[in-house]
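[1] Pasting a predicted model and its sequence here:
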Amino acid sequence: MEERDIKVLLIEDNQDDAELLQRKLAKSVNGHFTVTTAKCLKDGLEKLTANSHDLILSDLGLPDSHGLDTVTQVLQMAPDIPLVVLSGYDDESVAIKAVQLGAQDYMVKGQMDGTQMERSLSYAVERFRLQRELEQHTQEISKIQANLLKILDKNADAIIVVSKNKQILFINPAAESLFRCNRKALLNTPFIFPVEGGKTSEIDIKRQNGEKTIAEMRVVDIDWEGTLAYLASLRDVTEQKKAEEKLRESEEKFSKAFRSSPDMIVITTVKDG
């Protein structure tokens, strides 16, 4: 872990305990601790607003606050600063609950030497930093996912996300229109058409009213909310297929008429000039 100066706000009403903790931190080998002391929660919170700190080290039993109430108030006042709580032998269970509430760690008075304390406080600062970075990345990913959902929702093509076990995870309004079916009715139901990443195919869709539609389906592999899935993009090509069929029929009629005609048919191209 990189050496750094760590500014500690120590909230401890027992003068002897406060001085002992400061002496232990003064012997730090891998880092330098600058300690500011406060004898009650009110004084500590005032010093939080007056100066910046990297860590709060607070006793659970203070003259103006006790137990988990101390933890709650500190976390509310300084949500961006890691908290390590001090406990006596008889309230270690409360200290564990404090960690569950959001404190980074707890130390039992008299059970840690300077090296252990230094390591615990340094790790608390680093762990808190990594947690915040993770939270920030998670928020950024959530924003990206939200923007992606907006794009998928507004896409003119029908978009369906299918899990690897062929369950429908997402369907956009265009897909509702294509299948003539409500989104809620399709979510978490089996996708009956074969899907394979990187493949393009045509599927025949039979709607509830008996109407048949032809769709071109393109499938890609994606990561959907942390799991592998398929994204199927479908486009209604029914009218295109009808036009192609009419053209084919027209060509067949012309070819048949050409072959059956007793007269010679000559096709010429007239050039101007």
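    Thanks, I have it. Numbering: from 1, shown residues only.
[2] distance of the nearest residue to Ala175 once chain neighbours are set aside from Asp236?
    What sits nearest to Ala175 in space, not counting adjacent residues and going by CB to CB, 6 or more residues apart in numbering, is Ala158, at 3.7 Å. Heads up, the C-betas are built off the backbone N, CA and C, glycines and all. As for Ala158, its distance to Asp236 is 8 Å (criterion: CB to CB, to the nearest Å).
[3] For the two, list the residues in contact with both.
    Taking CB atoms under 8 Å, 6 or more residues apart in numbering as the contact rule, Ala158 and Asp236 both touch Leu178, Ala215.
[4] Of those two, give the one with the bigger neighbour count.
    Neighbour comparison, Ala158 and Asp236: the larger count goes to Ala158, with 22 against 17 (by other CB atoms under 10 Å).
[5] burial measure for Ile171, as a count.
    Counted with other CB under 10 Å, residues neighbouring Ile171 total 27.
[6] Backbone dihedrals for it, please?
    Ile171 has phi and psi values of phi -150, psi 130 when expressed as degrees, to the nearest 10.
[7] In this structure it contacts Ile160, no?
    Yes. Contact criterion CB atoms under 8 Å: Ile171 and Ile160 qualify, at 5.2 Å.
[8] re the thing from before, and the residue nearest to Ala175, bridged to which residues?
    Judged by DSSP bridges, the bridge partners of Ala158 are Leu234.
[9] so what's it up against?
    Ile171, Asn172, Ala174, Ala175, Ser177, Leu178, Phe179, Ala215, Ser233, Leu234, Arg235, Asp236 are the contacts of Ala158 under CB under 8 Å, 6+ apart.
[10] Excluding chain neighbours, what is closest to the third one?
    By that I understand Ala174. Once flanking residues are discounted, Ala174 sits nearest to Ala158: 4.5 Å by CB to CB, 6+ apart.
[11] how far away is the one you found from Gln145?
    To Gln145, Ala158 is 20 Å away according to CB to CB.
[12] Pull out the buried residues from the helix or strand that contains Val35.
    Using DSSP states H and E, Val35 sits in strand 32-38. For strand 32-38, the neighbour count (16 or more other CB atoms under 10 Å) marks Phe33, Val35, Thr37, Ala38 as buried.
[13] okay, now the domains of this protein?
    Listed by automatic domain parsing, the domain ranges of the chain are 5-138, 155-240.
[14] for those domains, which one ends up most surrounded?
    Mean neighbour count (mean count of other CB atoms under 10 Å) peaks for domain 5-138 among the domains of the chain, with a mean of 17.
[15] distance between it and the chain's centre?
    Centroid displacement of domain 5-138 relative to its chain, using CA atoms, centre = their mean, to the nearest Å, is 30 Å.
[16] tell me what the lengthiest helix in the chain is packed against?
    Longest helix of the chain, by residue count under DSSP state H: helix 114-154. Judged by 3 or more CB pairs under 8 Å, 6 or more residues apart in numbering; DSSP states H and E, helix 114-154 is in contact with strand 5-11, helix 15-26, strand 55-59, strand 83-87, strand 105-108.
[17] Redo those as JSON lines? Include mean pLDDT and distance to Ile151.
    Below are the helices and strands packed on helix 114-154 laid out as JSON lines (pLDDT from 0 to 100; distance: least, CB to CB, whole Å):
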{"stretch": "strand 5-11", "mean pLDDT": "92", "distance to Ile151": "44"}
{"stretch": "helix 15-26", "mean pLDDT": "89", "distance to Ile151": "52"}
{"stretch": "strand 55-59", "mean pLDDT": "95", "distance to Ile151": "42"}
{"stretch": "strand 83-87", "mean pLDDT": "91", "distance to Ile151": "41"}
{"stretch": "strand 105-108", "mean pLDDT": "89", "distance to Ile151": "43"}
